[in-house]
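Below is the structure, and that's it, no one-letter string:
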């Protein structure tokens, strides 16, 4: 049995802000609404509520092209109040179906998420997102894991 031990943070380290980076270079990422919600905690008490909404269009819009005047950076960086724990939910919701109606031609795209506190990387993962359904991503720190 292998045990993983988390780094012990002192009070000042715990108060450093959490930083979330979401990156996507998929040229048709405009077909998806991006919603991020969650909370940060200190000693079991919620200290901040997290909400970020990037709504391109209502679900079911079936747009033929990017809405005029809309542009989304391929890299989103958000900063949240520090604490000893954080829970994040990232929703990638399609509002417009893929250009092709042939399922195997609509290949999954990559969404890279990174959560940091100071110089520590707490979470770093590349998610494969199905074009037809999007995805729901949950990030929790700390993670107590044993194998």
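Nice, thanks for sending it over. Fair warning: this is a prediction, and the values are worked out from it, not measured in the lab. Residues are numbered from 1 along each chain as shown.

Strands of the protein, residue ranges please.
18-23, 32-42, 45-54, 75-80, 85-94, 109-117, 120-129, 135-141 (DSSP state E).

Report the distance from the second one to the chain centre.
Distance of strand 32-42 from its chain centroid, counting by Cα atoms, centre = their mean, to the nearest Å, is 8 Å.

go on, stretch 45-60?
Per Cα atoms, centre = their mean, the centroid offset for stretch 45-60 relative to its chain is 11 Å.

In it, which residues are buried?
By 16 or more other Cβ atoms under 10 Å, the buried positions in stretch 45-60 come out as 47-48, 50, 52, 56-57. Any C-beta I mention is one placed from the backbone N, CA and C, and that applies to glycine too.

Outside of that stretch itself, list whatever touches it.
Outside stretch 45-60, the residues within contact range by Cβ atoms under 8 Å, 6 or more residues apart in numbering are 30-41, 63, 67, 70, 72, 76, 78, 80-81, 83, 88, 93-96.

again, only this time at 7 Å
By Cβ atoms under 7 Å, 6 or more residues apart in numbering, the residues outside stretch 45-60 that reach it are 30, 33-41, 63, 67, 70, 72, 78, 80-81, 83, 88, 93, 95-96.

List only buried entries from those.
Judged by 16+ other Cβ under 10 Å, buried ones among the contacts of stretch 45-60: 30, 33-36, 38-40, 80-81, 83, 88, 93, 95-96.

Which two of those residues have the greatest separation?
Greatest spatial distance among the buried ones among the contacts of stretch 45-60 (Cβ to Cβ): 83 and 96, at 36.9 Å.

any idea how far residue 14 is from the residue nearest in space to the middle of the chain?
Closest to where the C-alpha atoms of the chain average out (Cα atoms, centre = their mean) is residue 90, at 4.1 Å. Per Cβ to Cβ, to the nearest Å, residue 90 is found 23 Å from residue 14.

One more: residue 126?
In terms of Cβ to Cβ, residue 126 sits 28 Å off from residue 14.

Who has more neighbours out of those two?
Taking neighbours as other Cβ atoms under 10 Å, residue 126 and residue 14 compare with residue 14 leading, 15 against 10.

And the pLDDT for that one?
What the model reports as pLDDT for residue 14 is 70.

Phi first, then psi, for the residue lying closest to it once chain neighbours are set aside.
Excluding its sequence neighbours, the residue lying closest to residue 14 (Cβ to Cβ, 6 or more residues apart in numbering) is residue 84, at 4.8 Å. Dihedral angles of residue 84 (phi, psi; degrees, to the nearest 10) stand at phi -100, psi 0.
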